[in-house]
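**Student:** Structure, please.
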Amino acid sequence: MVIERFPPLHRADKHGLLAVGGDLEVPSLLLAYRSGIFPWPIYENSLAWFSPPQRAILPFDTFHISKSLRRRLNKQDFRITFDTCFGEVIRTCATIHDKGDHRGTWISTDMIDAYLAFFTAGYAHSVEVWVGDALAGALYGVAIGGFFAAESMFHTINDGSKIALCALTAALLQQDCRWFDVQVLTPTTEHFGAFELRRADFIKLLNKALEAPVIHFKRGPADPDLLNNLLLSQSVR
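**Tutor:** Residues are numbered from 1 along each chain as shown. Just a heads-up that it's a prediction; the model follows:
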């Protein structure tokens with residue numbers, strides 16, 4: 001049965017657990033993300049819904065690219081695509097963990113099926129990094145209105161997931177977005193400039209973003225100048 005409403009966010013416990021049960025149908029996921037809630041089925045093998053008291057976001061006005069990553073981006077020894085193999089991306093995220101980040105374990109078979117349906121409905125998206133014909137890194141997330149929530153990422157080569165994150169940032173900047181949701185702070189996102197803010201402050205940003213123009217990702221190869229423009233914006237800051 002599709003979820004029609006969630007409890008008020010202030011009822012979440014200190015860890016952010018708000019509710020248990022329900023379904024992962026597209027309308028339920030839409031309601032959750034629009035409400036500042038995300039699924040994370042790790043609670044006694046049940047579907048759980050979270051809205052943590054501290055929410056992590058990555059704002060672009062403090063977005064930081066390290067010198068070593070800048071050198072890698074300048075090499076252009078890879079190519080970027082959007083939405084070309086979402087299924088492969090989410091399945092790989094379920095089995096490969098970024099160093100220091102074990103959130104991949106929450107991507108169950110039910111979650112994969114749900115986000116594949118979300119992708120088909122036009123709300124989930126992937127950013128892929130290729131070296132030759134091999135998928136070297138990627139991330140996937142959810143876009144609703146002008147809001148983007150990054151869900152998970154992986155790499156099979158050094159910097160693979162970081163390149164994907166930079167490509168996502170560059171694509172969002174082109175559409176006048178100024179931040180995206182990373183839900184829970186990790187060492188990787190913190191290195192890029194992510195930080196935590198109170199849930200109430202996050203909800204204010206979320207509501208404003210939901211009213212913004214819809215984010216679009218053109219399926220296929222990225223603009224060749226996508227990352228160059230991002231690097232240029234960093235150099236003039």
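
**Student:** Could you use CA atoms for every contact and neighbour count after this?
**Tutor:** OK.

**Student:** now the residue at minimal distance from the centre of the chain, nearest residue through space, not along the chain?
**Tutor:** When the chain is reduced to its mean C-alpha position, the nearest residue by C-alpha atoms, centre = their mean turns out to be A150, at 0.8 Å. Among residues not flanking A150 along the chain, G141 sits closest, at 4.2 Å (C-alpha to C-alpha, 6 or more residues apart in numbering).

**Student:** With L231 instead?
**Tutor:** Nearest one to L231, counting by C-alpha to C-alpha, 6+ apart, is R70 at 7.5 Å.

**Student:** helices or strands up against the strand or helix carrying the one you found?
**Tutor:** Element membership for R70, per DSSP states H and E: helix 67-75. Helix 67-75 sits against helix 226-235, with contacts defined as 3 or more C-alpha pairs under 8 Å, 6 or more residues apart in numbering; DSSP states H and E.

**Student:** Strand partners (parallel or antiparallel) of the helix or strand containing L135?
**Tutor:** Element membership of L135 [criterion: DSSP H and E] is strand 134-144. Strand 134-144 sits in its sheet next to strand 124-131 (antiparallel), strand 147-155 (antiparallel), going by DSSP bridges.

**Student:** Name the residues of that strand that are buried.
**Tutor:** 135-144 (16 or more other C-alpha atoms under 10 Å).

**Student:** So what touches the helix holding R70?
**Tutor:** 159, 163, 227-228, 231 (C-alpha atoms under 8 Å, 6 or more residues apart in numbering).

**Student:** buried set for it?
**Tutor:** Buried residues in helix 67-75, counting neighbours by 16+ other C-alpha under 10 Å, are found at L73.

**Student:** Please state the offset of that helix from the chain centre?
**Tutor:** Counting by C-alpha atoms, centre = their mean, to the nearest Å, helix 67-75 is centred 22 Å from the centre of its parent chain.

**Student:** what is the orientation angle of it with helix 226-235?
**Tutor:** Between helix 67-75 and helix 226-235, the angle comes out at 140 degrees (axes from the mean of the first three to the mean of the last three C-alpha atoms, to 10 degrees).

**Student:** Export the lowest-mean-pLDDT helix or strand in the chain to CSV, keeping only CA atoms.
**Tutor:** Every helix and strand in the chain was compared by mean pLDDT, DSSP states H and E; the lowest is helix 226-235, with a mean of 84. C-alpha atoms of helix 226-235 as CSV (Å, rounded to 0.1, in the frame of the first residue of the first chain):
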residue,chain,number,x,y,z
LEU,A,226,31.8,20.3,-18.3
LEU,A,227,34.7,19.8,-15.9
ASN,A,228,36.8,22.5,-17.5
ASN,A,229,34.1,25.0,-16.6
LEU,A,230,34.0,23.7,-13.0
LEU,A,231,37.8,24.1,-12.7
LEU,A,232,37.6,27.6,-14.1
SER,A,233,35.0,28.6,-11.5
GLN,A,234,37.4,27.2,-8.8
SER,A,235,40.3,29.2,-10.1
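
**Student:** Packing partners of that helix?
**Tutor:** helix 67-75, helix 160-174.

**Student:** weakest of the ones you listed by average pLDDT?
**Tutor:** Lowest mean pLDDT of the helices and strands packed on helix 226-235: helix 67-75, a mean of 93.

**Student:** Given whatever helix or strand comes next after that helix, what are its sheet partners and their directions?
**Tutor:** Using DSSP H and E, the helix or strand that follows helix 67-75 in sequence is strand 79-82. Here strand 79-82 is paired, per DSSP bridges, with strand 124-131 (antiparallel), strand 220-221 (antiparallel).
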